[in-house]
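Enquirer: what shape does this take:
(one chain, ligands or ions: 3)
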Amino acid sequence: MAAAPKSMHRSSSRPQLDVSGAAIQGNLEERDPSILLPNQSDDISHLALDIGGSLIKLVYFSRHADHSNNDKRKKSLKERLGISNGNRRSYPILGGRLHFVKFETRKLNECLDFISSKQLHRGGIDLHTWHSPDDNAIIKATGGGAYKFADLFKERLGVSIDKEDEMDCLVAGANFLLKAIRHEAFTHMEGQKEFVQIDHNDLFPYLLVNIGSGVSMIKVDGDGSFQRVSGTNVGGGTYWGLGRLLTKCKSFDELLELSQRGDNRVIDMLVGDIYGGMDYSKIGLSASTIASSFGKTISENKEPSDYRPEDISLSLLRMISYNIGQISYLNALRYGIKRIFFGGFFIRGHAYTMDTISFAIHFWSKGQAQAMFLRHEGFLGALGAFMSYEKHGLDDLMAHHLVERFPMGAPYMGGMIHGPPLGDLNEKISWMEKFVRKGTEITAPVPMCPPGTTGVGGFERPSSKGDTLRSDASAAFNVGVLHLVPTLEVFPLLADPKTYEPNTINLSDHSELEYWFTVLSEHMSDIVDKAVASEGGTDDAKRRGDAFAHAFSAHLARLMEEPAAYGKFGLANLLELREECLREFQFMDAYKTIKQRENEASLAVLQDLLMELDSMSEEARLLSLIEGVLAANIFDWGSCACVDLYHKGTIIEIYRMSRKKMRRPWRVDGFDNFKERLLGSGDEKPKTHKRALLFVDNSGADIVLGMLPLARELLRRGTEVILVANSLPALNDVTAMEIPEIVAEAAKHCDILRKAAEAGGLLVDAMVNIQDGAVENYASAPLMVVENGCGSPCLDFRQVNSELAAVAKDADLVVLEGMGRALHTNFNARFKCDTLKLAMVKNQRLAEKLVQGNIFDCVCRFEPAV
Ligand SMILES: Nc1ncnc2c1ncn2[C@@H]1O[C@H](COP(=O)(O)OP(=O)(O)O)[C@@H](O)[C@H]1O
Ligand SMILES: CC(C)(COP(=O)(O)O)[C@@H](O)C(=O)NCCC(=O)O
Ligand SMILES: [Mn+2]
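Expert: Ligands and ions are numbered 1, 2, ... in the order given. Down below sits the predicted model:
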């Protein structure tokens, strides 16, 4: 075993920064000196490299200690529900994060500094297989640089490089991405990006074209089964190298940017130039088709400096992209392959490059073959090298284990600031402040005029007009951090997991995107106020609040410009992004005090409500309970309309007003069906539900006066009830952690709840009994709490906590409550069991779109098991 890396104990919510030995590198007068934190490291890290001719790609994994199994309550819940891990390892994979970073190969030193500042080379204390017998740390690496720089790595970092074959790695990386990332591949035609759903059973064979410095073409037939069938020396290095010679550009991005303002007709010889302005229609060539790239320069007596660098860059880019497209097509044809995936950093997410390649494939194959691109384009080799570590278990990863997040990652690019992802909060904020001071929008695009009419083989007009090229730093936003969460699973009650789509609203409709952009922007100041107040309103909190606002605005602006920048992104993702962004700036629970206050106020009137309910007939009570849930769902701090309302009355006043306004029929009214299912009709007594999962929404009146009384009714009828709540806070939503306390308080006023909570192990006193194994002795059906595995106001049933998935197997009733979980997401979702969707619509546009109604209308939708 290697010596343990210098790691520190730190709480998960507020990591400490180890600044011992911190030093500013280089010239202090420099604008952005590098800051090295030599003793700071992630908890445990593993690293793999792909050192290419142009770029070094780094994939590293940081693992965070998992404390979840220490929870006493959870353990007893597991026993109660018969969820056990037995002797087998509970999860085949480690939880943690995969980060993607790149450096220019010519700046290898920056890369070495980065690795050493994060101690990435010292990872793997608990997996001795990742170390060589002589205790030397080993880093897996591929690409030519793994050979060329092996000695340097040994010298500078004291690590040995374990060389992995480049082609093996490319294929392993591509197969992994295509299998594990839901929206990894996309087509790009005429400026339109479209994500492709890959059918894993129908993936092979495909042609993988990796456009790095040079180009490799690999026919892939399966995992580890492939053949490099071709390649070309005219690749990314050619574009960058020739471009540099011809334009004097200092960076690749500058060259690419130039192309966006270019007109290649000045450089390229077109068919029209040869045919006196006419088409050569007999063989299908229009006058604007390029007959000969750079051909026009032969007939003019000009020096290279007489041409505009913009035009040169565009001609070059077209020539090379088109050429690669054409050779790819020929190879696809040669092997009868229909799907071609393009990777490598030459692509650079650049619309024009992708359009040109797609055009070539489409044109030559007459639409038979399709070009697809990959979001992690340049990281295939590095990922493959990472996969080659034995026993990391990543091969078992499935799409539902991965959650992609988009933190403000700019400091990692270009090696300006080296620091750990969490500890560098301060630097992150400084970085935000610096950008704001400079008046530079972080995501500001470089303006681009649509190039003039040019043509390649009938490619009349480059269609990626309006396209933008971002600096490398912000382009890094395209690829987020992949969170590996082994505890996530597909919800087993989904009727058809394959076709399930959580989002109801399609943000690829630009007017929708614009609308939600405005709503979220308008809500910004309120959320910042709450967040800052939740942290005591200190100067530090204000500074973080500002940084959050800038970061989230930057994300919004970025998405407005390029809706597919972060992959397929729905409203649920957008709302979750906001919560994640708050957490990134260490606002762990912005609505903490509001939630407490509302819980207290509601608990104070619970007893009266329960008495009132108990005086009713069964039928009247059921209606009153559902009315209660709908009325109490008004307490939503995420809705602009509701926030306005709160300035006008107390919680109880608003609740009463909301109840008073309840008029049936509701906008969607399936109450009678639900009632019939529960109470039956005539003499027929229906079967009692065995287990109900109640997906709860907001704190305060919503949970206390709405969902708890409904739970109580089900319990009293003999149904086991599991309250399913968020794992992490989102707006004023109640979290799973907060519920036991609320239930304990409510149980003081109600025998039914008390007995059920005791039976469910929710009351701390009751825990003692449970450990005696006295579970069966409880007369009451149990009330339990399970977390859903997410921290968003919406819910994606493809990725829920494994405990929830386990308890769902015996459930025969699902109740989804609230706008986020029942309308924004899952309104159209179908389940294998009876389902009740309850929500008040607190947004006018949504009301119109979804239910052809108005704000504050209610939805009560009952769907019997399918
Ligand atoms: N920031 C950059 N610096 C240099 N080249 C870049 C950059 N971004 C994209 N490229 C392009 O990507 C190519 C390298 O792609 P990559 O997949 O990393 O291949 P390699 O492994 O050969 O370095 C370069 O030749 C260039 O065309
Ligand atoms: C974030 C929410 C989905 C939460 O609603 P809930 O699930 O609590 O009913 C909702 O507040 C929302 O859509 N807000 C933005 C729309 C608006 O301000 O009108
Ligand atoms: Mn909510």
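Enquirer: lowest-scoring secondary structure element of the protein by mean pLDDT?
Expert: strand 34-36 (a mean of 34; mean pLDDT, DSSP states H and E).
Enquirer: check which helices and strands the helix or strand following it sits against.
Expert: Note on strand 34-36: by DSSP states H and E, the next helix or strand toward the C-terminus is strand 44-51. Helices and strands touching strand 44-51, by 3 or more Cβ pairs under 8 Å, 6 or more residues apart in numbering; DSSP states H and E, are strand 55-63, strand 138-142, helix 145-148, helix 380-387. Quick note: C-beta positions are derived from backbone N, CA and C, even for glycine.
Enquirer: switch to 7 Å and redo it
Expert: strand 55-63, strand 138-142, helix 380-387 (3 or more Cβ pairs under 7 Å, 6 or more residues apart in numbering; DSSP states H and E).
Enquirer: what average pLDDT does the last one get?
Expert: For helix 380-387, the mean pLDDT works out to 94.
Enquirer: go on, the second one?
Expert: For strand 138-142, mean pLDDT rounds to 94.
Enquirer: can you name the residue of the stretch 351-500 of the chain nearest ligand 3?
Expert: Closest contact between the stretch 351-500 of the chain and ligand 3, by Cβ to the ion, is at residue 491 (19.2 Å).
Enquirer: neighbours of that residue, how many?
Expert: 25 (other Cβ atoms under 10 Å).
Enquirer: that one reaches residue 807, doesn't it?
Expert: No: look at residue 491 against residue 807 with Cβ atoms under 7 Å: they stay out of range, at 10.8 Å.
Enquirer: on that earlier part again, quick one: the residue lying closest to the residue of the stretch 351-500 of the chain closest to ligand 3 once chain neighbours are set aside from ligand 1, how far?
Expert: Excluding the flanking residues, the one nearest residue 491 by Cβ to Cβ, 6 or more residues apart in numbering is residue 797, at 4.0 Å. Residue 797 sits at a distance of 36 Å from ligand 1 (criterion: Cβ to the nearest ligand atom, to the nearest Å).
Enquirer: and residue 797, which of the three is it?
Expert: The three-state label given to residue 797 by DSSP: H, G, I helix; E, B strand; the rest coil is coil.
Enquirer: go ahead and confirm it touches residue 500.
Expert: Yes: using Cβ under 7 Å, residue 797 is in contact with residue 500, at 6.4 Å.
Enquirer: comparing the two, which residue is more hemmed in?
Expert: Neighbours per residue (other Cβ under 10 Å) separate residue 797 from residue 500, with residue 797 holding more: 27 against 18.
Enquirer: around ligand 1, which positions in the stretch 201-350 of the chain sit nearby?
Expert: Counting by Cβ under 6 Å from any ligand atom, the stretch 201-350 of the chain comes close to ligand 1 at 212, 213, 236, 237, 239, 240, 252, 253, 344, 345, 346, 348.
Enquirer: neighbours around the second one, how many?
Expert: Neighbour count for residue 213, taken as other Cβ under 10 Å: 22.
Enquirer: number the residues from 57 up from this point.
Expert: Got it, the first residue is 57 from now on, which makes the last one we talked about residue 269.
Enquirer: wait, it sits on residue 289?
Expert: No: Residue 269 lies out of contact with residue 289 (Cβ under 7 Å); the separation is 9.2 Å.
Enquirer: where does the prediction get shaky in the chain?
Expert: 57-101, 120-135, 137-150, 179-192, 447-449, 465-480, 487, 490-534, 820-834 (pLDDT under 70).
Enquirer: what does it put close to ligand 2?
Expert: Proximity of the chain to ligand 2 (Cβ under 6 Å from any ligand atom) is limited to residues 575, 579, 631, 689, 692, 694-697, 753-754, 787, 849, 874-877, 880, 895, 898-899.
Enquirer: how about the helices in the stretch 457-606 of the chain?
Expert: Taking DSSP state H, counting those that start in this stretch as the test, the helices found in the stretch 457-606 of the chain are 481-493, 528-531, 566-590, 595-617.
Enquirer: those helices: which one's closest to ligand 1?
Expert: Across these, ligand 1 has its closest neighbour in helix 528-531 (5.4 Å, Cβ to the nearest ligand atom).
Enquirer: separation between residue 549 and ligand 2?
Expert: The gap separating residue 549 from ligand 2 is 20 Å, by Cβ to the nearest ligand atom.
Enquirer: what's that residue sitting at in phi/psi?
Expert: Dihedral pair for residue 549: phi -90, psi 0, per degrees, to the nearest 10.
Enquirer: what helix or strand is residue 227 on?
Expert: helix 222-236.
Enquirer: so which elements touch that helix?
Expert: By 3+ Cβ pairs under 7 Å, 6+ apart, helix 222-236 packs against strand 262-267, strand 271-278, strand 281-288, helix 436-443.
Enquirer: deepest-packed of the ones you listed, please.
Expert: Each of the helices and strands packed on helix 222-236 was scored by mean neighbour count; the highest is helix 436-443, a mean of 29, by mean count of other Cβ atoms under 10 Å.
Enquirer: list of residues touching that helix?
Expert: 104-106, 113-115, 196-199, 220, 222, 224-230, 232-233, 266, 399, 432, 450 (Cβ atoms under 7 Å, 6 or more residues apart in numbering).
Enquirer: if we go to 6 Å?
Expert: 104, 106, 113, 115, 196-199, 220, 225-226, 228-230, 232, 399, 450 (Cβ atoms under 6 Å, 6 or more residues apart in numbering).
Enquirer: nearest residue to the most centrally placed residue in the chain other than its sequence neighbours?
Expert: Centroid-nearest residue in the chain: residue 460, 3.1 Å away (criterion: Cα atoms, centre = their mean). Leaving out its chain neighbours, the residue that sits closest to residue 460 by Cβ to Cβ, 6+ apart is residue 536, at 4.3 Å.
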